[in-house]
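> I need the structure of the sequence given here:
(2 chains)
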Amino acid sequence: MKYYATKISDKGNLAVDDTILVKGVEATAGSRILEGFKPLFSAEAVTRLENKGYTVSGKTNVGEFALDLAGEFSYYGENDATIKGAAAELVKAGEVEAALGVDVNGSTRRAAALSGVNFLKPTYGTVSRYGIISTAASGEQLGVYAADTAKIKEIMEVISGYDEKDGTSLKNKDLDYTNTAAVKGKRVCIVKELLEKADAETAAKVKAYADKLRANGVIVDEVSFDLADVANTAWQILYSAETCNNLSRYDGVKFGYRAAEYKNIDELYVNSRTDGFNFLTKAVILYGSDVLSKKRYDECYGKSLKVRRVVAEKFEELMKQYDAVLTPACSKGEFAPYSVDDAFIKVFEEGIFTAIANLIGTPALVSDGVQLMGWHFAEGTLLSLAGSVERMGE
Amino acid sequence: MNYELVIGLETHVELDTQSKIFCSCGGHSSPKEPNDCVCPACSGMPGMLPVMNKRVVELAVTAGLMLNCEISRYTTFDKKNYYYPDLPCAYQITQLNHPICTNGLVPVKTSQGKRDIRIKQIHMEEDAGKLVHEGKFSFVDFNRTSVPLIEIVTQPDFRSAEEVVAYLSKLKSMFRSGGISECEEGAMRCDINISVRPEGSEEYGVRTEIKNMSSLEAIEKAIRYEAQRHMDALEFETEELVQETRRFDDVSGKTFAMRNKETEADYRYFPDANLMPIIIDDEWLEQIKSAKPVAVDEKADAYREAGISEKEIEMLIGNFKISKLLDDVIALGCNAKDSAAWILTDCAGILRKDGLLLSDLEITPDALSLVIKQVADGKINRGAGKKVLIAVIEDKVDPMEFIKKNALDAKVDEGAINAVIDKVIAANAAAVADYKGGKEKALQAIFGACMKELKGAGDPAVIRTLLIEKLK
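The predicted structure is shown next:
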């Protein structure tokens, strides 16, 4: 597979997804529309890591704007026999210590699950979004891939914390990323509705993980959380709408790709965007445009905002009884290549496992092929639970 | 049939802030060359996030207070989507659902009497850039992109062009005196919604909108033309009126329909997730209220009461910087009428000699008040005061040091003055003879010679009295 869209340094120990800016290095988010765009500044997370001595190895290939399953639809990538994420694979191969990615609709978490590495999507507002190629501001979050929870902790401690350049950045929060807190007596629940959406092999994996947690003294129950489905629909609506809006700046006028042929400004827009985006991105833009239209706003976008509030309330209730939720990260252990024309529905369906965390800004950790979710700022709990299982293998 | 004109206004005002609304680029008055004042944020590059400029909120609230609005304690931003090359993100950040001010009231006075214009809302938003067309090319200038605006939306309460002009003039002088906006050419732009109905009718007629009007003169002309066009259509069926957007051509004095879109544009408004809701708590609101300048009308009344002339009041009200200087000097204990004369006559005169305007005046209230007080307390005479003032304005000297250095406050007793007078009379025998022979004018020359000899020291009134005494 073609890991890097742009290689920067052979000595680098940190891979950075192409959805995140590194000063002076072409940043495309896997899309032709941004061909040749070189940013004038680095993402805050990248700057903080470089200041601590980390070196960026290069910009890793991502599916266009990270909207796909796990990185299969990069304009600059190559197709493999199975779907894998470039950053996750580099971490797995030990080529880099860690990698940064943007989780907007679960592609980074699925990539981590498919490669068997960790990915933490932190609580919304705890890591600056300054310098990420934004798609859905209300739920996207910069996160970390690493081979173990200790490395996640190490990176998170550097990149998290208030940044004045991001208006949604949280101030004065105690952020805890410990991966070694005691887990005995902690309570974890498996969401029945999500387990049923996964294939037998994946469901078995979740159950086996639950057994390992039990062996460490964790209490694991199976519960019902019947809002997973509507939470997913709401997030698909919200992120499509926001993506439609955020990608409208890529119009061929200022930077990136411009079509060679056009007779007037409308043709410049249409031809550049027709060539510049892939079919999945176009589907998201069209869907997003539709749900924001005057005719559909109330029943789609407006309703999704209400669903977001209800899901947050219900999830918080659940998290008063449990310390974490255990779910599959995706429906299968392996995905075969497929046509981009089918991608919108495929991604929509897989979103059921990942959308809650994006919708309500809660943390989610993929580890050992499964997903642990918690209430806001529960990263320490999630990392400690995964850490306890990780240490059993040693 | 008699017709009634019904007008509502949407007025955009550029705010006088140091920086743009969501980034640290300089505000509306900074740029010189195209794209001088542009950063990755206001040119729509990915990775940048909007960060709210607090000053914009404060100025918008101040404007709301001046227009008697309710101030929203919870206010949010929305995105308005449309493609245009001067809009780098292809959306404008504005306020739809929770605007910062609502339900205001502005009384306007015209020859027809007084009318209350209701303000529907005031919202904050960012301005767009500018296109420059040259030959077959179009160039984009993003200097104005993200410059902060407030948009003031009235109810359809105007009944004449005169009322519209009175309202806009009032806004201008309020915003100038409030430090909200200098409202110079193009910084205040109006969209005029206009319809005509038979007098007594409750229903509104077909409404047209004249976009992007700036000069008061043109606004008045445009309204008169458009009103007549509507009335002709109703009275003589000259044409069928349609709801549309029109532009006013200053040369022909007529309005023309702009490109007619078949369906109304759908701007796909939705909340901006990058900007957290702004909460205006009691403490902040009080802070803004206490910093708010006194309303123009009240201020003019106060000046009038202090004995300042109408002409001077007019000069002061239109000039925030100068009226503030006067207020500061008064606050330091100077007499209001006296201080107004010092500023509007003496300071203005000194500047004029250098080809400068009153608004170019650079003097601290402390320095000016010292000069005024020294004269008022009889420590130096007025002529000496003027000398000090020139030195302070032109050479930025310390007034007290200057007075000491030039011994302007040297006490001169009558004996010394009489000695000088005697000397001058002896040296100007011809002039003295003229005076004694009935030429009153000759006195001025002798008096001037005395003053020159005394080097500006001494009270001129005393000197003049002693001189006349001697000449008897």
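> what mean pLDDT does the helix or strand A:Glu313 falls within have?
Per DSSP states H and E, A:Glu313 falls inside helix A:303-321. Helix A:303-321 shows a mean pLDDT of 97 in the predicted model.
> next helix or strand past that helix?
strand A:324-328.
> Report the buried residues of stretch B:325-345.
With burial defined by 16 or more other C-beta atoms under 10 Å in any protein chain shown, the residues of stretch B:325-345 counted as buried are B:325-330, B:334-336, B:338-344. Glycine gets a C-beta too; all of them are placed from N, C-alpha and C.
> Strand partners (parallel or antiparallel) of the host helix or strand of A:Leu120?
Secondary structure assigned from DSSP H and E places A:Leu120 in strand A:118-121. With DSSP bridges as the test, strand A:118-121 is paired with strand A:141-146 (antiparallel), strand A:364-367 (antiparallel).
> so which of these comes closest to B:Ala218?
strand A:141-146 (50.9 Å; C-beta to C-beta).
> Which positions within the following helix or strand past that closest one qualify as buried?
Using DSSP H and E, the helix or strand that follows strand A:141-146 in sequence is helix A:149-159. By neighbour count on 16+ other C-beta under 10 Å, the buried set for helix A:149-159 is A:149, A:151-156, A:158-159.
> which stretches of the stretch 51-200 of chain B form strands?
According to DSSP state E, counting those that start in this stretch, the stretch 51-200 of chain B carries its strands in the segments B:70-71, B:74-75, B:78-81, B:91-94, B:101-110, B:113-126, B:130-134, B:137-141, B:148-154, B:188-198.
> The second one packs against which elements?
It refers to strand B:74-75. For strand B:74-75, the contact count by 3 or more C-beta pairs under 8 Å, 6 or more residues apart in numbering or on different chains; DSSP states H and E identifies strand B:278-279 as packing neighbours.
> please redo it, this time with the cut-off set to 10 Å
When contacts are defined as 3 or more C-beta pairs under 10 Å, 6 or more residues apart in numbering or on different chains; DSSP states H and E, strand B:74-75 sits against helix B:54-66, strand B:278-279.
> do the first one as well
Judged by 3+ C-beta pairs under 10 Å, 6+ apart, strand B:70-71 is in contact with helix B:54-66, strand B:101-110, strand B:113-126, helix B:282-291.
> ok, and what's touching it?
For strand B:70-71, contacts defined as C-beta atoms under 10 Å, 6 or more residues apart in numbering or on different chains pick out B:60-62, B:64-65, B:100-104, B:119, B:121-122, B:280, B:285, B:288-289.
> Buried members of these into ChimeraX, please.
Remark: buried members of the contacts of strand B:70-71, expressed as a ChimeraX selection using 16+ other C-beta under 10 Å:
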select /B:60,61,62,64,65,100,101,102,104,119,121,122,280,288
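> can you pull the buried residues of the helix holding A:Glu313?
Residues of helix A:303-321 classed as buried by neighbour count (16+ other C-beta under 10 Å): A:303-304, A:307-308, A:311-312, A:315, A:318-319.
> Repeat that for stretch A:181-188.
Buried-residue list, stretch A:181-188, by 16+ other C-beta under 10 Å: A:183, A:186, A:188.
> For A:Leu195, see how far away the second one is.
A:Lys186 sits 20 Å away from A:Leu195, taking C-beta to C-beta, to the nearest Å as the criterion.
> again with B:Asn319
73 Å.
> Those two: who's more crowded?
The neighbour comparison of B:Asn319 against A:Leu195 (other C-beta atoms under 10 Å in any protein chain shown) goes to B:Asn319, with 20 against 17.
> Now do the contacts for the closest residue in space to that one that isn't next to it in sequence.
Spatially, and ignoring its direct neighbours in sequence, B:Asn319 is nearest to B:Ser359 (6.2 Å; C-beta to C-beta, 6 or more residues apart in numbering or on different chains). Neighbour list for B:Ser359: B:182, B:318-322, B:351 [criterion: C-beta under 10 Å, 6+ apart].
> Redo those residues as CSV? Include pLDDT and secondary structure.
Compiled in CSV, the contacts of B:Ser359 are given as follows (pLDDT from 0 to 100; DSSP: H, G, I helix; E, B strand; the rest coil):
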residue, pLDDT, secondary structure
B:Glu182, 87, coil
B:Gly318, 65, coil
B:Asn319, 72, coil
B:Phe320, 72, helix
B:Lys321, 78, helix
B:Ile322, 85, helix
B:Leu351, 87, helix
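> Return the member of the residues you listed nearest to chain A.
B:Glu182 (28.6 Å; C-beta to the nearest C-beta).
> what's the closest non-adjacent residue to whichever residue of the stretch 151-300 of chain B sits closest to chain A?
In the stretch 151-300 of chain B, the residue that lies nearest chain A is B:Ala273 (3.5 Å; C-beta to the nearest C-beta). Using C-beta to C-beta, 6+ apart and skipping the chain neighbours, the partner closest in space to B:Ala273 is A:Ser138 (3.5 Å).
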